[in-house]
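Engineer: here you go, sequence then predicted model.
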Amino acid sequence: GAVVSQHPSRVICKSGTSVKIECRSLDFQATTMFWYRQFPKKSLMLMATSNEGSKATYEQGVEKDKFLINHASLTLSTLTVTSAHPEDSSFYICSARGTGGAVREKLFFGSGTQLSVL
Amino acid sequence: GNSVTQMEGPVTLSEEAFLTINCTYTATGYPSLFWYVQYPGEGLQLLLKATKADDKGSNKGFEATYRKETTSFHLEKGSVQVSDSAVYFCALIGRGGKLIFGQGTELSVKP
């Protein structure tokens, strides 16, 4: 079945550094990908919607300059947390919406990335 | 705006017990409703869904019925197994196609 690969699964970084998280649709094309953030015992909060070849659409309250999203191809979107600080520590999950065929309009999720900023 | 509220966890049950995880929603119009499951170390997976009032979604022994009158979509299973231990998320798709999640309910099933 359709698989979304998210990498890395866990990252620990120093405050002030930048971290890039990749989200790949392995066997299907995804025009649209979504990035979520999950706090402990909290719901997944949509951060932004990423469309291939265009600028991402950010949800209210999400800093565009801090969370850079690039969707350069139909199978890859990246989230870069710039100048990370401890308050950015969280679980980040991506999802990809299938573009055609059997996966059209279906959502598939990555396994998430646990970011810890020291 | 649209929102989803789930019962707080963790929920701890013995194997073969009956499971109910409550979910209520607030939405404009008639959203599609979903239950997602996240097993330890894995990504979210769609468990079941319902797209209109009175629809019943079912999968792997789990069921949920779309109740418009009570704006609810409670998840049930008659006999849980240890392998059902996971975090369960209720969600809806509102206008604009955005998926909105509840806070998740952790289920732990003991042998």
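Structural biologist: Noted; the coordinates are in hand. Numbering: from 1, shown residues only, chains lettered A, B, ... in the order given.
Engineer: give me the sheet partners of the worst-scoring helix or strand of chain B on mean pLDDT and which way each runs.
Structural biologist: Among the helices and strands of chain B, strand B:99-101 carries the lowest confidence by mean pLDDT, DSSP states H and E, at a mean of 88. Strand B:99-101 has its sheet partners listed here by DSSP bridges as strand B:86-93 (antiparallel).
Engineer: average pLDDT across the strand it pairs with?
Structural biologist: Here strand B:86-93 scores 93 as its mean pLDDT.
Engineer: for B:G43, give me its contacts.
Structural biologist: Neighbour list for B:G43: A:V4, A:Q6, A:I93, A:F108, A:F109, A:G110, A:S111, A:G112 [criterion: Cβ atoms under 8 Å, 6 or more residues apart in numbering or on different chains]. Yep, even glycine has a C-beta here, placed from its N, CA and C like the rest.
Engineer: from these, which land in strands?
Structural biologist: A:V4, A:Q6, A:I93, A:F108, A:F109 (DSSP state E).
Engineer: from these, which single one is nearest chain B?
Structural biologist: Ranked by distance to chain B (Cβ to the nearest Cβ), the ones in strands among the contacts of B:G43 are led by A:F109 at 3.8 Å.
Engineer: that closest one bridge partners, please.
Structural biologist: Taking DSSP bridges, one finds A:S95 as the beta-bridge partners of A:F109.
Engineer: distance check, it against A:R10.
Structural biologist: Per Cβ to Cβ, to the nearest Å, A:F109 is found 17 Å from A:R10.
Engineer: quick one, which of those two is more surrounded?
Structural biologist: A:F109 (23 against 10; other Cβ atoms under 10 Å in any protein chain shown).
Engineer: element containing residue 24?
Structural biologist: All of this refers to chain A. Assigned by DSSP states H and E, A:R24 falls within strand A:19-25.
Engineer: right idea, wrong chain: chain B
Structural biologist: strand B:23-26.
Engineer: contacts for that strand?
Structural biologist: B:1-7, B:31, B:33, B:35, B:64, B:70-75, B:90, B:92, B:102.
Engineer: quick one: list the elements packing against the helix or strand just after that strand.
Structural biologist: Sequence-wise, the next helix or strand downstream of strand B:23-26 (DSSP H and E) is strand B:32-38. The contact analysis (3 or more Cβ pairs under 8 Å, 6 or more residues apart in numbering or on different chains; DSSP states H and E) places strand B:32-38 against strand B:23-26, strand B:44-50, strand B:62-65, strand B:86-93.
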